[in-house]
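this is a predicted model, with the sequence first.
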Amino acid sequence: MRRIGRILVTFLAMSGLVFLGLLGLGAWLAAHVADGDDKEVPERAVLSLDLDARFRDTAEGNPLAQLSGERSYSLRATVEAIDRAATDTRVTGLFATLGHSTLGLAGRQDLRDAVTRFRATGKPAVLFAETLGEGGSGTLDYYLASAFSQVWLQPSGDVGLTGLWVESPFIKGTLDLLGIKAQFAGRHEYKSAIDMFTETGFTPAHRENLGRLLDSWSEQVVAG
């Protein structure tokens, strides 16, 4: 039993050292990638951007995430990088790839504005996509792509501009089957967050809310 105990203690100690080593390596990678000192910018360079990557609202807080191999960007840092590249004489253009971005409308607008500012300096911005909306809606993807001076599409690709849509789940019927009665206090009819639990479908006010939201989004996309 003592020997088993010593083996267990040794194993745990080695596991702890390995974990600390990985943690230190992850922290080193995070620091170097964040500082941007992993490579020097040549005298002539084209800024590249993968718009299919995962975009985060804040900087990555997990140092081990750098070891996962998943490409991800901070949205704010990306916008700042495009703005810096716009005034950097070494950067001659911007090249981006797009399949299907997971960004919402607000995030796409931030990137569109940054690309527009980049183009205003006279530098070209080119986007390549294999498809824009194949098998689904490509409206928001095309909205993002339209900020570039040129859009190159794979000849076999599709452009699916099928508009915008929203959905809202209602679980009151399920709760009724389970014998659960949801009790909420709603402040006026347009405060529709509780409708998910108290209604089985759209109330007129809830439908009007979403309809006007869609109208606003559509107007912004068309104008862009």
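Perfect, I can see it now.

stretch 186-204: end-to-end distance?
With Cα to Cα, to the nearest Å as the measure, stretch 186-204 spans 15 Å from end to end.

okay, now the sheet partners of the strand ranked longest in the chain, with direction.
In the chain, taking DSSP state E as the definition, the longest strand is strand 91-98. The strands beside strand 91-98 in its sheet (DSSP bridges) come out as strand 45-50 (parallel), strand 125-129 (parallel).

can I get that strand in PDB, CA atoms only?
This file holds the C-alpha atoms of strand 91-98, laid out as PDB (Å, rounded to 0.1, in the frame of the first residue of the first chain):
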ATOM      1  CA  VAL A  91       0.800  47.600 -46.300                       C
ATOM      2  CA  THR A  92      -0.300  47.700 -49.900                       C
ATOM      3  CA  GLY A  93      -3.700  46.000 -49.700                       C
ATOM      4  CA  LEU A  94      -6.200  43.800 -47.800                       C
ATOM      5  CA  PHE A  95      -7.100  40.300 -48.800                       C
ATOM      6  CA  ALA A  96      -9.900  38.400 -47.000                       C
ATOM      7  CA  THR A  97     -11.600  35.000 -47.400                       C
ATOM      8  CA  LEU A  98     -15.200  34.300 -46.500                       C
END
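
which strands or helices does the helix or strand immediately after that strand in the chain pack on?
Once the chain leaves strand 91-98, the next helix or strand it forms, by DSSP states H and E, is helix 105-120. Contacts defined by 3 or more Cβ pairs under 8 Å, 6 or more residues apart in numbering; DSSP states H and E place helix 105-120 against helix 75-87, strand 125-129, helix 139-145, helix 204-223. C-beta: built from backbone N, CA, C; applies to glycine.

right, so these: which one is the most enclosed?
helix 139-145 (a mean of 22; mean count of other Cβ atoms under 10 Å).
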